[in-house]
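Participant: pasting the sequence and the predicted coordinates here, then a few questions.
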Amino acid sequence: MIESLFGGLGTVMALVPLITIVVGIVLGILIGAMPGLSPSMGVALMVPFTYGMSPTLALILLVGIYIGSSYGGSITGIMVNAPGTPSAVVTAIDGYALTRQGKPSTALGTSIIASSVGGMFGTLILILFSVPLAAAAVRFHPSEYFAFALFGMATIATLAGENWGKAFIAMLVGLLIATVGTDPISGHERFTFGFTALSDGFLLIPALIGMFALSEVFRGIEKGEFKLEKLGKVSDKWPRFAHYWKLKWVTLRSGAIGTLVGVFPGAGATIGSFISYGLAKRFSKQPEQFGQGSAEGVTASEAADSGSVGGAMVPLLALGIPGSAPTAVLIGAMMIHDLTPGPQLFLRNPEMIYAIFAAMLVAQFVLLFVGLAGGRLWVKVANIPKELLYVLITMMALIGSFAVRNTLFDVFCCLGFGLLGWWMRRHGYPLAPVILGLVLGSIAETNFRRALMMDGWTIFFSRPVTLTLIILAALSFLIPMTNRIRAIRHRA
Amino acid sequence: MRARQTLLLIALLLCPLAFAGDATERAEPLYPPLPYVEGFPSQPIRLIVYTSPGGLIDVTARRFARIAQDVADHPFAVINRPGGGGIVAFEEALREPADGHRLLAVTRSNISRMVVTGREDLIERIHWHSYIMDNPHVLITNSDEGAADWPSLLAATTDQGVQQRWLGVDIGGVKHLSGVSIAETAGVDMRWIPYGSGGEAVAALLGGLGSAYLGNPRDALASPRLRVVVVAADERLREFPDAPTFAELGVDGLEDELIWRGFAFRKGIPDEVQAWYDALIRQVLHDPRWVSAWQHEAVNLRYRGHAEFTRVVERDRDEFRRLLAQLELLPDDQPPSGLQRLSEGTWLAAAGGLAVLFIVGLGAGLGRTRWRANCGEILLLGSLALTVLLAGVMTLQLPPRSVADPIGPGGIPAVWLLALAPLLVWQMVAVFRSPPGQAEKTDSLRLWITVGLFTLSLVLMPLLGYLLVCLLYIPALTWFLGYRRVGVIAVLTTAWLLFSEVVFQRLMHVDLPRGALLPW
């Protein structure tokens, strides 16, 4: 394997592949940073440009875009509270809090290092354990997916802070919104009011842009927050090595969680980010900092997000099954280049597989350099007069929502979510739980019902992994709650 | 120095385009010319795919577009419009002018979806232009975990009386209906387990979670453990020579369980443009690149023209109507009764209107009480409570649970509603019990004018078009928010319009709204 990997590195360490990786990462970051363009849209967008390339070069470019866009979503989340991807919602919680404190460099620096290290960790896991991990992942019963989703939902107890009642209401609103559309099991339409555009439910991108970006603009305008904060006046410097070194365990743990969650087809980076964030808070010596601008919080979600890229590539390369939406596009791209994804690729084109592995490793270093260099540019966003920034964000919300399906209906949905987000934000209701509910609601429901259809109620108690995850979810939920109740009583 | 760095960055970004060759370069005229049509094509041709990127129909469309742009010497762009199993894509094609610049990539799944959702009108409004390929449905098993051939799969039901789990995708979809047909004809007691995608279902089969998977033959390539045990076609597949057909196994009537793919567009396209597409599609289908791309994919490349394609669509529609009726999946024609009537459109609109009036009235009333500062939160909780009430009534309209689906479509929403309702009450009580606070000092008027401007721009967009609306909206809002540097506003507006045009319109082929009154 080592020899093959060196062979792959030999292929990648040439001028053209290196330039391709740099271009992929830069384009990916730009795509991810733009609210409205998801990583899968970005990869699909570039597929036609790969027609003239060799299959290896094409995949290197597309994987570079995937890696770059997974990170890019955090930039707008940190700078303007408009996460470009659902998993960046968690990064925005503490990242944007740091920016508001005049420390965007700390947030951006932490996020790029965590992304890069988490991504590297995920890639190493992919290289070393892709076959056994894929074999284990396919054995996951729907009951286990349901328990996983439940475990993700249990992070609400850590996200909630003091206002747990409000956080629960927010999550239940998200769960309820997730039920709109065609029922995935029976095929019947629910709460669509006859709108065809709602047959697949509310799309995540307009919901995300509205909930976070538009509501932030509305709140800023309402509060008259137009004062320009010159960064020169705040004491913000790029973090030194010691800062990152302190975060090493959070980074590695979150990278591992992200990778493992990413391995399971359909689970997605968002669950990994939420779970990592919850665990980071639980194990932190300063849990009270979470939500107020914790570097650990930024690290946890970013490392998990990037780690999930390596994880999602496991079923793709080992079985030819997509682990995430962008890997589904990668499968399509492989087929367009007359490749058959899956185990046959390992047998017929091993040199290509190892070139992709090598490119993913190199891409993490490129991401690090491009991210650090670009970070100095992103920081300047904070210098843009708020009046202009607000107008630009509303335009981005408009075109980003419209671009998903070429319909103004989605822009109106975005506006609706913006107003709901503004209303909730105004009265202290956190927004991240809404997205948590929106993302996990469908996974939890479909897998719960699928598990029942397959094996009845007993399945939730008879499979050890399911039972363990359910117990862990219950404990993750109950322990912070009881601690909080105790603290309230103690104060009284 | 900065200029040099910028140039270097631009050069780097342009590099992939240099390698991209085919995407931009003009091919030598290797193909016979297509029939000349005055003024057509005058813009890139959009190939609309009804799924997200990555599925087989998406790959089909992209392979086609790649060759077609060489044949026609004209750009083709694949755009994905997922939603409603094709309804969103079809509606988009029908919204646009009948000038032939939008081609729909269609499959047999679209027909089942239109029938099951009661949108058969869309089938009528579409011109089914060309049927280009099909592949039979096959049953795939995991040889390590269960049956390795059809007789042993069948024996599990007939001899041991075990209900089989067939894994597949959506209920009411073409594969589900094929599965029902196959099980019925072959005498298999089967329960369909729907997964979100074929990939997830294949993964579950590999994990030993089902007896078989029904899908496309190429899905069997995911692992050597997967075995195609039977083919629903009239002859064996070249790629899977060991897999028998149903006819060979003595089960007749399952020679035509397949998925077809083709192209269609909205009715009303000029005849000469249709002839242009006829010539184009025939040339692409005979292109060696097209033929070689599909040669190991277990696909039958066969062309059928409009008349024959339309007959296939009609036949499928009748077949799906019969099967969906049998499965009680067709839209209910029965009038609702009792409380169900409340979830009907008119009643619901009336209830919604009353709810809004109630909230407004409540807001006005609370504004004069000691809870003035908490008025916003009370209204938020009140609105959510009313939504819970309305949604609760709407769940009554949903079909009840069944043996096959022990929760039913209304079960989970009901759980969330039941959890949310007491929390809302609890929170409301907490608000009323908390001491009245100071109202936050905010500029509500400025906020609502901003929201109004944004909403107005959306309302006006279909009339005035994206360009004009942006030209009005960006300067107006910037000025309203108090920014007065006219030069900067002009540069910002121009830059935004250029960005929209280049990135979204040209690169992503997002058709930004053109105005009905001012069409630019």
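Facilitator: Thanks, I have it.
Participant: what sits against the residue of the stretch 251-400 of chain A found nearest chain B?
Facilitator: The minimum distance from the stretch 251-400 of chain A to chain B, using Cβ to the nearest Cβ, falls at residue A:328 (3.3 Å). Every C-beta, even on glycine, is put in place using the N, C-alpha and C of the backbone. For residue A:328, the contacting residues are A:40, A:322, B:52, B:53, B:54, B:55, B:197, B:199, by Cβ atoms under 8 Å, 6 or more residues apart in numbering or on different chains.
Participant: switch the cut-off to 10 Å
Facilitator: By Cβ atoms under 10 Å, 6 or more residues apart in numbering or on different chains, the contact set of residue A:328 is A:40, A:43-44, A:265, A:312, A:316, A:321-322, B:51-55, B:58, B:197, B:199.
Participant: between these, which is closest to residue A:109?
Facilitator: residue A:312 (25.9 Å; Cβ to Cβ).
Participant: leaving out sequence neighbours, find the closest residue to that closest one.
Facilitator: residue A:323 (3.4 Å; Cβ to Cβ, 6 or more residues apart in numbering or on different chains).
Participant: hang on, the one you found in a helix?
Facilitator: No. Counting by DSSP: H, G, I helix; E, B strand; the rest coil, residue A:323 falls outside a helix, being coil.
Participant: name the helix or strand for the residue of the stretch 251-400 of chain A closest to chain B, please.
Facilitator: Using DSSP states H and E, residue A:328 maps to helix A:325-336.
Participant: so for that helix, mean pLDDT?
Facilitator: The average pLDDT for helix A:325-336 rounds to 84.
Participant: restricted to helices, list the contacts of residue A:328.
Facilitator: A:40, A:43, A:44, A:312, A:316, B:58, B:199 (DSSP state H).
Participant: which of those sit farthest apart?
Facilitator: The largest separation in these, counting by Cβ to Cβ, is between A:312 and B:58 at 18.3 Å.
Participant: hmm, the lengthiest strand in chain B touching chain A?
Facilitator: Scanning chain B for the longest strand, with DSSP state E as the assignment, gives strand B:126-136. No. If you take Cβ under 10 Å from any Cβ of the partner chain as the test, strand B:126-136 misses chain A, and the best it gets is 13.8 Å.
Participant: before we move on, the earlier item: distance from the helix holding residue A:328 to the middle of the chain?
Facilitator: Mean-position distance between helix A:325-336 and its chain equals 19 Å (Cα atoms, centre = their mean, to the nearest Å).
Participant: wait, what's in contact with residue 426?
Facilitator: Answering for chain A, as no chain was given. Neighbours of residue A:426 in contact, by Cβ under 10 Å, 6+ apart: A:215, A:218, A:219, A:222, A:223, B:376, B:377, B:380, B:440, B:442.
Participant: actually it's chain B I care about, not the one you picked
Facilitator: A:165, A:168, A:169, B:381 are the contacts of residue B:426 under Cβ under 10 Å, 6+ apart.
Participant: same question for residue B:483.
Facilitator: Contacts of residue B:483 by Cβ under 10 Å, 6+ apart are A:226, A:385, A:386, A:387, A:388, A:390, A:391, B:475, B:477, B:489, B:492.
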